[in-house]
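Q: Sequence plus predicted model, see below.
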Amino acid sequence: MADKIPQLLEHLSRADGWVSAGELADRLGVSTRTVRSYITAVKSAASPLDVVASSPNGYRLNHDEYARYTAGAAAASASPDRPRERVSYLINRLAQSSAGLDVHALAGALFVSDSTLESDLRRVRSAAKEAGLELVRDGSEVRLDGPEEALRRLISRVFREETMHGPVDVAQVQAAFGIGDLSAFKTDLITLLEDEGYAVNEFGLDGVLVHAAIAVERSRSGHGRAPEVRSAQDGLEGSLAPLVTKHLGGELPEGELTALATLLTTRVGTRIPAGEASAPDADTPPDENLGYVRGLLGRAAREFLVELDDPGFSARLSMHVGNLVRRARNGQATNNPLTRSIKSAYPLTYELAVYLASEIQREYSISVSDDEIAFIALHIGAYLERHTGPADAVTCTIVSPGYHDLAQLLRDRLERELGRDIRVEQVVSRTDPQPEHLQSELIVSSTPTLARTENVVLVQPFPTEADIDAVRAAVARIRRHRRRARLKSELLLYFDERLFLRNVSAQDPETMIRALGERIVRLGIADDSYIDGVIEREALSSTAFTEHLAVPHSMTMTARRTAIAITLNETPMQWGENRVNVVALAAFSADDRAAFQTVFEQFVEVFADHGDVQRLLRGSEDFPSFIDELVHLIDS
């Protein structure tokens, strides 16, 4: 049971409001009765703190109380009582002892039976094997055997699992490893890297802080062996040594400092290019990565119909690729706490990053993780945000009765606050404007005589902050309706009654893809090679873009026509880290590249809400009712 409680708490922590027992049950793959048992266990463990609120609407996390509980749990971790905590305790104890530990003494220290301890040790053995270590048993003694680097990987992994998802809490790191002021150390590291000409990735820095804490703790206990690394990185070692002594209360040998400097320059810092000819990778001649990345961005631009031709962007990305390749070849995983949110909120940007990652994998013979894909997506998203204007501006008419320069003041304020989000078509300075004069998408009026229809926002002659917020909300609503209207017109073209299914059972994503793909092939929409491409794309990164929806597809748009084979399943199936009820296998043709962007991103948005998905499942008994429910969902 305890293994799924962290998932339950994570889901509650990301929810904006109440979460029903049914939604939690779907998410975890358990019954609502089991969910209630989990909640009871959490409340009991956290008592007297009220960490989870209950109501007829479901459950909601009390974030302040939960933060106090987790802080207290971290402080009390010396006496763990749950399986996950006991495994962490055992790994930490075994890591500190090279001679081995007595199993009976460990059972006594944990206040568990010998049989319970044996069960915990099986978990330790599995985790150790994944990290490249072996749990060796000699009579009643156990020890971890393997290289120091693998041992540190295991300690780091255990700590990250304990802290769950999100940025590292430096206070927890300090408490766990008994070191000094990690926050001040982080501040000085950022200053050092920026002074040396690096752009800093703070998400990467969090992982390096954990590495530094482990290095100090291991060196103190006489396990200061450093992993094999290359030569010094820009002379950072000399600057790092006094920072470690000052803030972490210990010293690191030269090899450890070199390892730390290497991590900082491959996982945290990216050289800011002085010009287009900056060499992105110290191991290659100047411009080798840069030339490849430029060509790759050109191919991506043609595939996804986006403008990526910018020297600064290609130089920055090529340097990131150089660091990514080094990390992959050295087995240095980098955690990205934003991976899940980037994937669900910006599926098309993430998809573009998947395309780039797949090409980089082939070019450099490496493996690129979801976290690394999300970092590429951050590069792309930041560039597009800077260089791509907002969606088409919302047309606006201002109604402001003529009196001095009130109308001009109102216009100036709106254009200053909303920028390019609106385009003022006209200003009507009458208290009785005629309907034929009000054809803009948005009407902003300072006269209360105007009928309050959905696209009319009433503001004060001198707009308040609340007025500006109301106009901004109206702009967002109009844009959303635009997107949904485009989606409706595009999406309904691609559904076919012969490709609509209910409750298709499959043991894994590949089986489901082949089941849906068989129908697409049978109708002559695509061939078997397209379905193979879908499976290849799935292997790169799960296509479960929300907690309810998977959209498997190929990265090549080679279908003869665009179509979507969809199944609605009352019982969710495991798809990557999510459990999904809706699987929509999309076959795209090259002629529909532009439609792909509209359909893909908005389709994911429509299926993001649990309640909407459940209504669709309940109301879609057959294909006609599915179309009716989908149209209602899009229009709502």
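A: That came through, no problem.
Q: residue closest to the middle of this structure?
A: Computing the C-alpha centroid of the chain and ranking residues by C-alpha atoms, centre = their mean puts Thr339 first, at 1.9 Å.
Q: pretty sure it is touching Leu378, no?
A: No. Contact criterion C-beta atoms under 8 Å: Thr339 and Leu378 do not qualify, at 10.0 Å. Where you see a C-beta, it was placed from the backbone N, CA and C, and this is true even at glycine.
Q: Next, show the common contact partners of the two.
A: Overlap of the contact sets of Thr339 and Leu378 (by C-beta atoms under 8 Å, 6 or more residues apart in numbering) is empty.
Q: and the host helix or strand of Phe596, C-alpha only, in CSV?
A: Using DSSP states H and E, Phe596 maps to helix 593-606. The C-alpha coordinates for helix 593-606 follow below in CSV (Å, rounded to 0.1, in the frame of the first residue of the first chain):
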residue,chain,number,x,y,z
ARG,A,593,1.2,19.3,-41.8
ALA,A,594,-0.5,22.6,-40.8
ALA,A,595,-3.6,20.8,-39.5
PHE,A,596,-1.4,18.6,-37.4
GLN,A,597,-0.4,21.5,-35.2
THR,A,598,-4.0,22.6,-34.6
VAL,A,599,-5.4,19.2,-34.0
PHE,A,600,-2.5,17.8,-31.9
GLU,A,601,-2.2,20.6,-29.3
GLN,A,602,-5.9,21.4,-28.9
PHE,A,603,-6.9,17.7,-28.9
VAL,A,604,-4.6,17.3,-25.8
GLU,A,605,-6.2,20.4,-24.2
VAL,A,606,-9.7,19.0,-24.6
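Q: What are the buried residues along whichever helix or strand comes after that helix?
A: Remark: after helix 593-606, the chain's next helix or strand is helix 610-619, criterion DSSP H and E. For helix 610-619, a neighbour-count test (16 or more other C-beta atoms under 10 Å) marks 610, 612-614, 616-617 as buried.
Q: tell me the mean pLDDT for helix 610-619?
A: The average of the pLDDT scores along helix 610-619 is 88.
Q: Now do that helix against helix 593-606: the angle between them, please.
A: Relative orientation of helix 610-619 and helix 593-606, computed by axes from the mean of the first three to the mean of the last three C-alpha atoms, to 10 degrees: 100 degrees.
Q: quick one: contacts of helix 610-619?
A: Residues contacting helix 610-619 (C-beta under 8 Å, 6+ apart): 22-23, 26, 547-549, 568-570, 581-582, 606-607, 625-626, 628-630, 633, 636.
Q: for it, the distance to its chain's centre please.
A: Remark: helix 610-619 is offset 24 Å from the chain centroid, using C-alpha atoms, centre = their mean, to the nearest Å.
Q: Put the alpha carbons of that helix into CSV.
A: C-alpha atoms of helix 610-619 as CSV (Å, rounded to 0.1, in the frame of the first residue of the first chain):
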residue,chain,number,x,y,z
HIS,A,610,-10.8,14.3,-15.6
GLY,A,611,-14.4,15.3,-15.3
ASP,A,612,-14.7,16.0,-19.1
VAL,A,613,-13.1,12.6,-19.9
GLN,A,614,-15.5,10.8,-17.6
ARG,A,615,-18.5,12.5,-19.2
LEU,A,616,-17.2,11.5,-22.6
LEU,A,617,-16.8,7.9,-21.5
ARG,A,618,-20.3,7.8,-20.0
GLY,A,619,-22.0,9.5,-22.9
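Q: just to revisit the earlier point, helices - which of the contacts of helix 610-619 land there?
A: Among these, the members falling in helices (DSSP state H) are 22-23, 26, 606, 625-626, 628-630, 633.
Q: quick revisit: in PyMOL, select just the buried ones from the contacts of helix 610-619.
A: Typed into PyMOL, the next command selects the buried ones out of the contacts of helix 610-619 (criterion: 16+ other C-beta under 10 Å):
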select buried, resi 23+26+547+548+549+568+569+581+582+606+607+626+629+630+633
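Q: Return the member of the ones in helices among the contacts of helix 610-619 nearest to Ala473.
A: Proximity of those to Ala473 (C-beta to C-beta) peaks at Val606, which lies at 20.2 Å.
Q: out of everything not next to it in sequence, what's closest to Asp26?
A: Nearest residue to Asp26, sequence neighbours excluded (C-beta to C-beta, 6 or more residues apart in numbering): Pro572, at 5.3 Å.
Q: er, Leu409 I mean
A: In this structure, Leu409 finds its nearest non-sequential neighbour in Phe462, 7.2 Å apart by C-beta to C-beta, 6+ apart.
Q: Quickly note the distance from the one you found to Leu442.
A: 19 Å (C-beta to C-beta, to the nearest Å).
Q: Mind checking which of those two has more residues around it?
A: Leu442 (22 against 11; other C-beta atoms under 10 Å).
Q: didn't the more buried one look like it was pressed against Ile478?
A: Yes. With contact defined as C-beta under 8 Å, Leu442 reaches Ile478; the gap is 6.1 Å.
Q: Now list whatever residues contact both of these two.
A: Shared contacts of Leu442 and Ile478 (C-beta under 8 Å, 6+ apart): 394, 455.
Q: beta partners of Val399?
A: Val399 has these beta-bridge partners by DSSP bridges: Val428, Ser445.
Q: is it true that it touches Val428?
A: Yes. Val399 lies in contact with Val428 (C-beta under 8 Å); the separation is 4.8 Å.
Q: Mutual contacts of the two, please.
A: Both Val399 and Val428 are contacted by Leu438, under the criterion C-beta under 8 Å, 6+ apart.
Q: What is the burial count for His376?
A: To be clear, residue 376 is Ile; His isn't right here. By other C-beta under 10 Å, 23 other residues sit near Ile376.
Q: Helix or strand: which one has it?
A: Following DSSP H and E, one finds Ile376 within helix 370-387.
Q: Quick one: distance of that helix to the chain centre.
A: Offset of helix 370-387 from its chain centre (C-alpha atoms, centre = their mean): 12 Å.
Q: Likewise for stretch 210-227?
A: On C-alpha atoms, centre = their mean, the centre of stretch 210-227 falls 30 Å from that of its chain.
Q: repeat for stretch 22-39
A: With C-alpha atoms, centre = their mean, you get 24 Å for stretch 22-39.
Q: Dump the C-alpha coordinates for that stretch into CSV.
A: Extracted in CSV, the C-alpha atoms of stretch 22-39 (Å, rounded to 0.1, in the frame of the first residue of the first chain):
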residue,chain,number,x,y,z
GLY,A,22,-13.0,8.1,-8.3
GLU,A,23,-10.4,10.2,-10.0
LEU,A,24,-7.7,9.1,-7.6
ALA,A,25,-8.7,5.5,-8.0
ASP,A,26,-8.4,5.8,-11.8
ARG,A,27,-5.0,7.5,-11.4
LEU,A,28,-3.6,4.9,-9.1
GLY,A,29,-5.3,1.8,-10.6
VAL,A,30,-7.0,0.9,-7.3
SER,A,31,-10.6,0.9,-5.9
THR,A,32,-12.2,3.9,-4.2
ARG,A,33,-12.2,1.9,-1.0
THR,A,34,-8.4,1.5,-1.3
VAL,A,35,-8.1,5.3,-1.9
ARG,A,36,-10.0,5.9,1.4
SER,A,37,-7.6,3.5,3.1
TYR,A,38,-4.6,5.5,1.7
ILE,A,39,-6.1,8.8,3.0
